[in-house]
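Chemist: Just to be clear, the model below is a prediction. Sequence and coordinates:
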Amino acid sequence: MNPSRSESPAGTSLLTQDYFSLFGLPRQFDLQADHVESAWKRLQSVVHPDRFAGGGDLQRRMALQWSTRINEAHQVLREPVGRATYLLGLWGVDVQAESNTSMPEDFLLRQMAWREELEEIQTAGPGAGTQASRARLLQDVLEIWQAGLKGLSAALSAEPSREDLARAAQLVRQLMFVKKFEQELTAL
């Protein structure tokens, strides 16, 4: 591969291919993590800027652009919420993470309960009881995370309907909250 040419063997610009095509992966939510990792490593081994340190300015710039694009794709495809958001975008669906805060009532109630439990844990301070409470809360959060991923997998099937896509966008927004809450909880 010559970094001074931004074309793949098929003639499509590597810098404009969608991330799935760039990695040679099917455009789907369910991807095996090891396939994403091996595609990333394979591509980086070919275009990493260190390989072109002795080349001309154009080669070095193109290698840097390719490497950056490949790293961006890797960051998105390896993480399920990012992958779902990206996939929805390819299908023309904006997740509206910043502007759409509506959630199902049961999820809102769960959020409130989690927040209350987190406050109790923080107020109680260190101890065996708080560690057990924290572990139970973390288990609940991880169960909701797994259920959300299963929901995304079902909603983002081969031929998702408009309803499936809307459901997936809602699940992405919920999982963003779940992930943030899990990070807060594990930081205790």
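Modeler: Noted; the coordinates are in hand.
Chemist: name the element the residue most central in space within the chain belongs to?
Modeler: Residue closest to the average C-alpha location in the chain (C-alpha atoms, centre = their mean): Gly82, at 2.4 Å. Secondary structure assignment for Gly82, by DSSP states H and E: helix 80-90.
Chemist: where exactly do the helices run in the chain?
Modeler: 19-23, 33-47, 57-78, 80-90, 105-124, 128-155, 162-186 (DSSP state H).
Chemist: got a markdown table for these, with mean pLDDT and distance to Ala97 too?
Modeler: Using the backbone N, CA and C atoms, a C-beta is placed for each residue, glycine as well. Listed next are the helices of the chain as a markdown table, based on pLDDT from 0 to 100; distance: least, C-beta to C-beta, whole Å:
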| stretch | mean pLDDT | distance to Ala97 |
| --- | --- | --- |
| helix 19-23 | 96 | 18 |
| helix 33-47 | 95 | 22 |
| helix 57-78 | 92 | 14 |
| helix 80-90 | 97 | 8 |
| helix 105-124 | 94 | 15 |
| helix 128-155 | 94 | 14 |
| helix 162-186 | 96 | 6 |
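Chemist: isn't the residue nearest to the centre of the chain right up against Ala73?
Modeler: No - between Gly82 and Ala73 there is no contact under C-beta atoms under 8 Å: 10.2 Å.
Chemist: Just the buried residues of the helix holding Gly82, please?
Modeler: 80-81, 83-88 (16 or more other C-beta atoms under 10 Å).
Chemist: any idea which of these is closest to Glu117?
Modeler: Distances from Glu117 to the buried residues of helix 80-90, taken as C-beta to C-beta, are shortest for Val81 (23.1 Å).
Chemist: The nearest residue to that closest one once chain neighbours are set aside: neighbouring residues, count only.
Modeler: Nearest non-adjacent residue to Val81, counting by C-beta to C-beta, 6 or more residues apart in numbering: Leu175, 5.0 Å away. If you count neighbours by other C-beta atoms under 10 Å, Leu175 ends up with 21.
Chemist: Is Leu175 in contact with Leu149, as I believe?
Modeler: Yes - if you go by C-beta under 8 Å, Leu175 and Leu149 touch, sitting 7.5 Å apart.
Chemist: what do the two both touch?
Modeler: Each of Pro80 lies in contact with both Leu175 and Leu149 under the rule C-beta atoms under 8 Å, 6 or more residues apart in numbering.
Chemist: how long is stretch 51-59 end to end?
Modeler: The straight-line separation of the ends of stretch 51-59 (C-alpha to C-alpha, to the nearest Å) is 10 Å.
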